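Chemist: Please work out how this folds:
(one chain, ligands or ions: 1)
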Amino acid sequence: MISKYFDQLFQEAIKVRKKAHVPYSKFKVGAALLTENKKIIVGCNVENAAYPQSQCAEATAIGNLVTQGFNTIIEIVVIGSGDQLCSPCGGCRQRIREFAPLNTPIHMCNVDGHQKTLTLAELLPYSFGSENL
Ligand code: THU
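Modeler: Numbers count the residues shown, from 1 in each chain. Next up is the predicted model:
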C-alpha cells in the first residue's frame with residue numbers, strides 16, 4: 001500500500017510541518033496530499049488564541065488543494081509530533097471524504113518515519129458523502 005510517491009509525500013510533509021503555527025499545543029502537524037495528476041499539495045496546522053478557531057494540517061492542505069484547482073486526492077501522508085499515532089481527527093476524516101475515494105491510503109507517520117497506513121474506509125466506516133444526498 002506504500003506507493004512510489006510515499007518518500008516525496010513524506011519529505012514535503014516534513015517540510016511544511018516545520019511551518020506549523022502551534023504556540024498553544026506545540027504539536028506540529030504536516031500533511032501532504034497526492035492529487036490524481038500526481039501533484040503534491042501540503043498544509044500545516046494553524047492555531048488561534050481563540051482555541052476553537054484553530055485549523056488542522058489536513059484542513060489547510062485541502063483548502064490549498066481546492067485553491068490550486070484540484071479536487072481529487074489519491075494518497076495522504078500525515079506527520080504528527082511524538083511517538084503516538086497522529087491519525088486524522090473526525091472532522092478531517094470527513095473533509096478528506098469529500099475529495100478522496102474510500103480506498104485512499106492514509107499514511108500516519110512521525111518525524112522518524114512511517115507508523116501505520118489505513119484506508120479512508122477503515123478510518124471512516126459507513127461514511128456520508130455526496131452520493132448519500
Ligand atoms: N491536529 C492536526 O493538525 N491534524 C490531526 O490530524 C490531529 C490534530 C492538530 C490540531 C492542533 O493544532 C494540534 O494538532 C493538537 O491537537
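
Chemist: all helices of this protein, in order?
Modeler: Listed in chain order, the helices of the chain (DSSP state H) span 6-17, 57-67, 90-97, 120-123.

Chemist: which of the residues in stretch 43-62 are buried?
Modeler: 43-47, 54-62 (16 or more other CB atoms under 10 Å). Where you see a C-beta, it was placed from the backbone N, CA and C, and this is true even at glycine.

Chemist: related to what we said a few turns ago, among the helices of the chain, single out whichever gets nearest to residue 81.
Modeler: Checking the helices of the chain against residue 81 by CB to CB gives helix 6-17 as the closest, at 8.3 Å.

Chemist: any bit of the closest one sitting next to the ligand?
Modeler: No: against the ligand, helix 6-17 shows no contacts by CB under 6 Å from any ligand atom, the least distance being 9.4 Å.

Chemist: For this protein, which residues are neighbours of the ligand?
Modeler: Counting by CB under 6 Å from any ligand atom, the residues of the chain near the ligand are 22, 25, 27, 29, 45, 47, 54, 56-58, 78, 86, 88-89, 92.

Chemist: ok, so of those, who is nearest residue 102?
Modeler: residue 88 (14.3 Å).

Chemist: ok, back up a step: now for the buried residues of stretch 43-62, which pair is the farthest apart?
Modeler: 47 and 62 (17.3 Å).

Chemist: Could I get the full set of strands for the chain?
Modeler: Along the chain, the segments classed as strands by DSSP state E run 30-35, 40-44, 73-79, 105-110, 113-119.

Chemist: and these, which is most packed in?
Modeler: Comparing those by mean neighbour count (mean count of other CB atoms under 10 Å), strand 30-35 comes out on top with a mean of 27.

Chemist: and it, which strands flank it?
Modeler: strand 40-44 (antiparallel), strand 73-79 (antiparallel) (DSSP bridges).

Chemist: Mind checking the pLDDT average for the shortest one?
Modeler: Averaged across strand 40-44, the pLDDT comes to 98.

Chemist: Relative to residue 45, how far out is the residue nearest to residue 30 when sequence neighbours are not counted?
Modeler: Nearest residue to residue 30, sequence neighbours excluded (CB to CB, 6 or more residues apart in numbering): residue 17, at 2.7 Å. Residue 17 is 9 Å from residue 45, where distance means CB to CB, to the nearest Å.
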